[in-house]
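>>> the following comprises the amino acid sequence and a computationally predicted model.
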Amino acid sequence: MNTLVKPFAALRPTADHASAVVAPPYDVVSTEEARSLVANQPNSFLHISRPEIDLPDGTDPYADAVYARARENLDRLIGLGLLIRDPNPAYYVYRMRMQDHEQTGVALAASIAAYETNRVRKHELTRPTKETDRVKNMASLNAQTGPVLSAYRADAQLKTLLEEAKQAEPVIDVVGPHDVTHTLWRVAESAPVAAITEAFEAMEAIYIADGHHRSAAAARVAAQRRAQQQGSGTESFEYFLSVVFPHDEMNILDYNRVISDLNGLSAEALVAALNERFSVRKSDAPVGPAEPGTFGMYVAGRWHELRIEPDLIPANDPVASLDVSLLQAHLITPLLGISDPRTDARIDFVGGIRGLGALERRIDAQGTGVAFSFFPTSMEQLMSVADAGKLMPPKSTWFEPKLADGLLTHVLD
């Protein structure tokens, strides 16, 4: 039977070598940053997720040689015994701790059939180039390495099952990038495995939070393999690697905007033009909005708090009512002339983990332009958009902490 989720036999680092292997997700570091991070780190998983770092400068990151090197590097870590394959399928209870924040979910294989029928729900468009890159990566490795970060509506029964599993000794407890502690407990006994499977099977849906390119690529790989062979629908390639957390433990930070110029306006003219749609208040301190419908704006060395007029907020549209949509529709497009934030080079996005000071530094260094800070999008808003079958605007959510690459790999047997 093709269930929403199932256990899998992970390829993972040994407890002794986990700290040398785990790495940040491939898509949050550039090639140059990855090269810097692996200095004196020959066993970092970045050699597998960003293998161009082992090839000459200027190598096309999408060249066939890059994917071949990824496979060589994976085989090397297996050959050295740094990565081991668990003998039987299991669920992996996965806890992340970052400062005073903690969240506990479960690593599993999620159904591609459910993804294709919208029981695994998405909220983002993917870019073909990035999607194809992950297809080639999976094909060369015969494995899925970077887990998809997902969420389920908080469920008391499942929470109890995961808490019970945490009473055992963890198989891995490691401090990864940015001082995030990643802890794994392996659940392989038949009774708790069945109970976890049943708890998920009772759910209407799970929600992709971060990892749309990886899940879309996994679906393409599955389609390719279906065309090549007859199957039952339960093969490992019919599932993708995901770590699923209860929605009320997820931590979303603001995802802020930096605009390179003022579209021919002076700072004074921009502020004056805002008064038709926003209430504007000057601030002597950086503005980190405390509630939806408010924004911080840094321009010409000065912070302002903006509050959108309430009658401009649509009541029954889960996308148009998002703060990122409101600012786009009522300020960024009409005043700054940026109609498509996906393609316009004048707009850039800064994750909230970098702080409001990063916005000030960008604008001060440019000598012009404007930055906007946001109140974070909520998980309830994300799930409402996905339930409606709609798409979030680009760069609406920044999740912290990040899952570690290299901690768990799903082999496509």
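In hand now; what should we look at? Numbers count the residues shown, from 1 in each chain.
>>> just checking: what are the partner strands of the longest strand belonging to the chain?
Ranked by number of residues, the top strand in the chain under DSSP state E is strand 101-111. With DSSP bridges as the test, strand 101-111 is paired with strand 5-6 (antiparallel), strand 91-98 (antiparallel), strand 239-246 (antiparallel).
>>> can you mark which positions in it are buried?
103-111 (16 or more other CB atoms under 10 Å). Heads up, the C-betas are built off the backbone N, CA and C, glycines and all.
>>> mean confidence for the helix or strand just after it?
Using DSSP states H and E, the helix or strand that follows strand 101-111 in sequence is helix 112-116. Average pLDDT, helix 112-116: 96.
>>> tell me which residues are up against whichever helix or strand comes after helix 112-116.
Next in sequence after helix 112-116, counting helices and strands by DSSP H and E, comes strand 120-121. Counting contacts by CB atoms under 8 Å, 6 or more residues apart in numbering, the residues outside strand 120-121 that touch it are 4, 110-111, 114, 150, 205-208, 215, 383, 386-387.
>>> so which of those are in strands?
Filtering these for strands - DSSP E - leaves 110-111, 150, 206-208.
>>> just the closest of these to Asp284, please.
Tyr207 (39.9 Å; CB to CB).
>>> just the local confidence number for that closest one, please.
Taking Tyr207 on its own, its pLDDT is 98.
>>> can you check Glu305 too?
Looking at Glu305, its pLDDT is 98.
>>> so it makes contact with Val280?
Yes: Glu305 is within contact range of Val280, at 7.4 Å (criterion: CB atoms under 8 Å).
>>> please identify which of these two sits among more neighbours.
Glu305 (20 against 14; other CB atoms under 10 Å).
>>> is the more buried one located within a helix, as I assumed?
No: with DSSP: H, G, I helix; E, B strand; the rest coil as the criterion, Glu305 is located in strand rather than a helix.
>>> partners of it in the sheet?
Arg281, Gly296.
>>> mind listing what it touches?
If you count contacts by CB under 8 Å, 6+ apart, then Glu305 has 280-281, 283, 287, 289, 294-297 around it.
>>> Glu124: helix or strand, and which one exactly?
Glu124 belongs to no helix or strand, assigned by DSSP H and E.
>>> before we move on, back to that, deepest of the strands paired with strand 101-111, which one?
Burial of the strands paired with strand 101-111 is given as mean neighbour count (mean count of other CB atoms under 10 Å); strand 239-246 ranks first at a mean of 26.
>>> what are the ranges of the strands in the stretch 251-400 of the chain?
252-253, 255-259, 278-283, 294-299, 302-308, 347-351, 370-374, 398-399 (DSSP state E, counting those that start in this stretch).
>>> what comes up buried for stretch 331-339?
331-332, 335-336, 338.
>>> oops, could you answer that again for stretch 224-232 instead?
Arg225.
>>> straight-line length of it, end to end?
By CA to CA, to the nearest Å, the extent of stretch 224-232 from end to end equals 15 Å.
>>> averaged pLDDT, it. What do you get?
86.
>>> isn't His101 right up against Asn251?
Yes: assessed by CB under 8 Å, His101 is found in contact with Asn251 at 5.4 Å.
>>> now the common contact residues for those two.
Common neighbours of His101 and Asn251 (CB under 8 Å, 6+ apart) are 400-401.
>>> could I get the contacts of Glu305 in TSV, plus columns for distance to Val243?
Listed next are the contacts of Glu305 as TSV, based on distance: CB to CB, whole Å:
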residue	distance to Val243
Val280	42
Arg281	41
Ser283	39
Val287	34
Pro289	29
Thr294	32
Phe295	32
Gly296	32
Met297	36
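>>> farthest pair in those?
Maximum distance among the contacts of Glu305 (CB to CB): 13.6 Å, for Val280 and Pro289.
>>> and the nearest residue to Ala15 once chain neighbours are set aside, what is it in contact with?
Spatial nearest neighbour of Ala15, chain neighbours left out: Ile172 (5.5 Å); criterion: CB to CB, 6 or more residues apart in numbering. Each residue near Ile172 by CB under 8 Å, 6+ apart is listed here: 12-13, 15, 18, 182-184, 407.
>>> what about burial for those residues, which qualify?
12-13, 18, 182-184, 407.
>>> in helices, which of the residues you listed appear?
Ala18 (DSSP state H).
>>> output the contacts of Ile172 in a markdown table; the columns should cover distance to Glu163 and pLDDT.
Output for these, formatted as a markdown table (distance: CB to CB, whole Å; pLDDT from 0 to 100):
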| residue | distance to Glu163 | pLDDT |
| --- | --- | --- |
| Arg12 | 22 | 98 |
| Pro13 | 25 | 98 |
| Ala15 | 22 | 96 |
| Ala18 | 23 | 97 |
| His182 | 18 | 98 |
| Thr183 | 13 | 98 |
| Leu184 | 15 | 98 |
| Leu407 | 21 | 97 |
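>>> from the residues you listed, which is closest to Gly351?
His182 (19.8 Å).
>>> quickly list what that closest one is bridged to.
Bridge pairing for His182 (DSSP bridges) gives the partners Met96, Val174.
>>> now the one 4 residues further on
As for beta bridges, Arg186 partners with Tyr92 under DSSP bridges.
>>> that one and Ile78, how far apart?
Computed as CB to CB, to the nearest Å, the Arg186 to Ile78 distance reads 19 Å.
>>> with Gly357 instead?
Taken as CB to CB, the span from Gly357 to Ile78 is 43 Å.
>>> for these two, indicate the residue with more neighbours.
Ile78 (13 against 9).
>>> list the contacts of the nearest residue to the more buried one once chain neighbours are set aside.
Using CB to CB, 6+ apart and skipping the chain neighbours, the partner closest in space to Ile78 is Leu11 (7.5 Å). The contact partners of Leu11, by CB under 8 Å, 6+ apart, come to 78, 83-86, 143, 408-411.
>>> change it to 10 Å
74, 77-78, 83-86, 141, 143, 145, 406, 408-411 (CB atoms under 10 Å, 6 or more residues apart in numbering).
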